[in-house]
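Enquirer: Dropping a prediction and its sequence here:
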Amino acid sequence: MALSDQIKSNPRLKKFFHWLLIPTNQARPRLWVRVILNRFYHQRGKNVVIRRWVRMDVVPFNHFSIGDNSMIEDFTTVNNGVGDVLVGKNSLIGLGNVIIGPVTIGDNVILAQNIVASGLNHNYSDTMQPIHQQGVSVAPIIIEDDCWIGANTVITAGVTIGKHCVVAAGAVVTKNIPPYAVAVGNPARVIKQYDQSRNEWVKTN
């Protein structure tokens, strides 16, 4: 049995190794993980810029990758503790975003400021227990190529935003958005879609 399988199958051993990587009841990995260990596990393309004040809460037991010519601006938090965070090529994650995996961001994507995209939800079904003791559930967020997501948007777990979509500032995206659409509001709704036959953006009813 491989070492990783032995760790996963032994709760005490798993807890110990988790503690070596992340202090108890915290999300930020230990300094040695951020500075040394992650370099061997995560992939960065060419000409990637991750600004100084980005909080990279990334651990080696889930994937983090970022493609060529992509940038993460200051005051953003990236967390892959419960799921992979994958960023494509030529993409921009703007100031003050919160990206909690599992999240996949395609190529040529623009994320404006103060966006929250979280593939994590806290369980709350048992009313006899505090919510923080009930664990979490995850569902992947996918933002396909060429999208523009406006400032202060919230993208909830399990949502796919199709190729070349525009999501207006302040939207709350709770359901999938089809490709080539413009979505606004809370909850977000499609107000325009690109008509290939007419070669133009058309308002929806």
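Expert: Yep, that arrived. This structure is a prediction, so every number in the text was calculated from the model and none was measured.
Enquirer: Can you tell me what sits against stretch 33-53?
Expert: Stretch 33-53 is contacted from outside by 21-22, 29, 56, 58-60, 63-76, 89, using Cβ atoms under 8 Å, 6 or more residues apart in numbering. The way it works is simple: take the backbone N, C-alpha and C, and place the C-beta from them, glycine included.
Enquirer: Give me the distance from stretch 107-125 to the chain's centre.
Expert: Distance, stretch centre to chain centre, for stretch 107-125: 5 Å (Cα atoms, centre = their mean, to the nearest Å).
Enquirer: switch to numbering from 629
Expert: Noted, 629 is the first residue going forward, which turns the last one into stretch 735-753.
Enquirer: First-to-last residue distance for that stretch?
Expert: End-to-end distance of stretch 735-753 (Cα to Cα, to the nearest Å): 37 Å.
Enquirer: try stretch 757-775
Expert: For stretch 757-775, the end-to-end distance is 40 Å (Cα to Cα).
Enquirer: Would you mind listing the buried residues in it?
Expert: By neighbour count on 16 or more other Cβ atoms under 10 Å, the buried set for stretch 757-775 is 766, 768-775.
Enquirer: contacting residues around it?
Expert: Outside stretch 757-775, the residues touching it (Cβ under 8 Å, 6+ apart) are 710-711, 716, 729-739, 745-754, 777, 783-795, 807.
Enquirer: what do you get if the cut-off is 6 Å, keeping everything else the same?
Expert: With contact meaning Cβ atoms under 6 Å, 6 or more residues apart in numbering, stretch 757-775 is reached by 710-711, 730-737, 745, 747-752, 754, 783, 785-793.
Enquirer: Any chance of a PyMOL selection covering the buried ones in those residues?
Expert: In PyMOL, a selection of the buried entries from the contacts of stretch 757-775 looks like this (16+ other Cβ under 10 Å):
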select buried, resi 710+711+730+731+732+733+734+735+736+737+745+747+748+783+785+786+787+788+789+790+791+793
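Enquirer: Narrow the contacts of stretch 757-775 to those in strands?
Expert: 731-733, 745, 748-750, 783, 788-789 (DSSP state E).
Enquirer: Can I get those in CSV including pLDDT and distance to Leu641?
Expert: Listed next are these as CSV, based on pLDDT from 0 to 100; distance: Cβ to Cβ, whole Å:
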residue, pLDDT, distance to Leu641
Val731, 98, 29
Thr732, 98, 31
Ile733, 98, 34
Ala745, 98, 33
Leu748, 94, 25
Asn749, 93, 28
His750, 93, 26
Ile783, 98, 36
Thr788, 98, 36
Ile789, 98, 39
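Enquirer: ok, the residues you listed vs Gln821, which is closest?
Expert: Minimum distance to Gln821 across the ones in strands among the contacts of stretch 757-775 is 13.5 Å, recorded for Ile789 (Cβ to Cβ).
Enquirer: Hmm, that closest one is touching Ile805, no?
Expert: Yes - counting by Cβ atoms under 6 Å, Ile805 is a contact partner of Ile789 at 4.8 Å.
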